[in-house]
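[1] Sequence and computational prediction follow.
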Amino acid sequence: MTSNIKTKLPKRVQKWLAEKGYSFRNPVPGTTNYSAGTHPFPMNPLFKPKPPLDNAIKDKIYIMFTENGQSTVNIGEELGISIKRVEAVLKLKHQEKKMISQGIPIETDFCKNMESMLGVKPDKRAKEPLRNIIPKVNKPFFVLVGEDDEFTPDDAAKLLKREPFATIQKTMDMKPFVLEEKKQKEEVIVIRKDETEANSRFRFVFNDISTDRRRVYVREKDGTLVQRVEAR
């Protein structure tokens, strides 16, 4: 036996759904639809997050790097995206390609829906600083400089006992970005085999970080104790 009784909503709820709640019940695709208007948290109006990058732009970044051979600096300059964001996108896309090759399904529909809900604009060019360098800030102090005295960024760096920004920028640009770091070779040393320690279900791994060279001890399922040491 089924019941045909429908719960009637209170008048206050009906009124809210018809007025303020209408936009939440019937969201407009491609808009953020935040409850507080321009910001997601009503009690924090200063937090106004930028929409994430369109997935099509992320695919373009991956192609620009892997197929066109462009550097992360060139990609960032062309698309108006910071170098760190470009590197992060490349790592995520590289992982995505690995998952696809392993037959792991990718949630493309979920991605599209999230982009719509977060107000992603496919044709809008980003405007981010190419480099985000956050220095360690000390207590402020003042130095008197003559009106006609020359005071360059290098002079300021010496005064603050820091590297000049131009040097940091050059160092960042010279370091090439790679999708996968080469794994360090390991020295494998068989210590002993003890059949009484054998375990058909598990192998145990112990990390020794007490020295500069990381040492890993592995107790294999057959009871063999192996030491793995990072080669110099």
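    Yes, it's here. Numbering: from 1, shown residues only.
[2] Identify the residue spatially nearest to Q227, adjacent ones excluded.
    Nearest residue to Q227, sequence neighbours excluded (Cβ to Cβ, 6 or more residues apart in numbering): I189, at 4.4 Å. The C-beta positions use only the backbone N, C-alpha and C, and glycine is treated the same way.
[3] State the distance from the one you found to E220.
    I189 sits 13 Å away from E220 when distances are taken as Cβ to Cβ, to the nearest Å.
[4] Compare these two and say which is more crowded by neighbours.
    E220 (16 against 12; other Cβ atoms under 10 Å).
[5] so who does that one touch?
    203, 226 (Cβ atoms under 8 Å, 6 or more residues apart in numbering).
[6] Check S23 too.
    N33.
[7] just the helices in the protein please.
    All helices of the chain, identified by DSSP state H, fall at 11-18, 22-25, 55-66, 72-79, 83-101, 108-117, 153-160, 165-174.
[8] pLDDT weak spots in the protein?
    Within the chain, the segments meeting pLDDT under 70 span 1-7, 132-137, 168-174, 181-186, 212-213, 230-232.
[9] show me the contacts for the nearest residue to T31 once chain neighbours are set aside.
    Excluding the flanking residues, the one nearest T31 by Cβ to Cβ, 6+ apart is G119, at 5.7 Å. Contact analysis of G119 by Cβ under 8 Å, 6+ apart lists 30-32, 51.
[10] repeat for P164
    153-154, 157.
[11] And for K161, the neighbour number?
    So K161, with other Cβ under 10 Å, has 7 neighbours.
[12] Would you quantify the distance from it to D149?
    20 Å.
[13] Compute the distance between the residue nearest the centre of the chain and V145, please.
    With distances taken as Cα atoms, centre = their mean, A88 lies nearest the centre of the chain, 5.1 Å away. Between A88 and V145 the distance is 40 Å, computed by Cβ to Cβ.
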